[in-house]
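Undergrad: Kindly generate the corresponding structure for this input.
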Amino acid sequence: MLKLIDRALAGLLLLGAMGHTFGVMQFYAGQPMILFWSLAAGALTFLLAALNFMRAGRPGDRAFAWVTLAGTLCQLVTTLRFGALIGDMFDPRVIFFSLVCLGLSAFGVRSALGRG
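TA: Next comes the predicted model:
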C-alpha cells in the first residue's frame, strides 16, 4: 500500500511538471529568455519525478534514496521561494507542489534509512 502511495505521489509530480510546462509555454510565449529557464525548471521536475519512481522500485538502494531526497528537498525549497516571490504562499501551485514534495521526502527518508 505504501509503495502505491509513493508512486502516486511521483505521478502527481509528473502531472505537475506537465502542467507547469504547458502553463509557462502559454504565459511566457513572448519572452524567450524567461520561457527558456521556466522550461528548464520543468525538465528538472520531470527528471525528479522519474527519479522518485525509480527510488520507489529500488527499496534497497540507500545511496540513490539520499540523492533523490536531496533533489526533492531542493524542489520544496524552490516551491516555497516561488510562493514568497509571488506573495501568496497559499497559491494552489505552491500548496500542490509543497504537499507532493513533503510526501515524497517522507518516503525518501524512509528509503534512505533502509526502512523502505
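Undergrad: contacts, neighbours, all on C-alpha from now
TA: Fine.
Undergrad: number of nearby residues for the closest residue to residue 80 other than its chain neighbours?
TA: Spatially, and ignoring its direct neighbours in sequence, residue 80 is nearest to residue 94 (6.6 Å; C-alpha to C-alpha, 6 or more residues apart in numbering). Neighbourhood size, residue 94 [other C-alpha atoms under 10 Å]: 19.
Undergrad: Would you enumerate the residues in contact with residue 94?
TA: Residues in contact with residue 94, defined by C-alpha atoms under 8 Å, 6 or more residues apart in numbering, are 79-80, 82-83.
Undergrad: tell me the mean pLDDT over the host helix or strand of it?
TA: Assigned by DSSP states H and E, residue 94 belongs to helix 92-112. In this model, helix 92-112 has a mean pLDDT of 97.
Undergrad: now swap in stretch 21-32 and tell me
TA: 96.
Undergrad: who does the one helix or strand residue 5 maps to touch, helix- and strand-wise?
TA: Using DSSP H and E, residue 5 falls within helix 2-27. Counting by 3 or more C-alpha pairs under 8 Å, 6 or more residues apart in numbering; DSSP states H and E, the packing neighbours recorded for helix 2-27 are helix 32-57, helix 92-112.
Undergrad: which of the residues in the last one are buried?
TA: When neighbours are counted by 16 or more other C-alpha atoms under 10 Å, the buried residues of helix 92-112 are found to be 93-94, 97-98, 100-105, 107-112.
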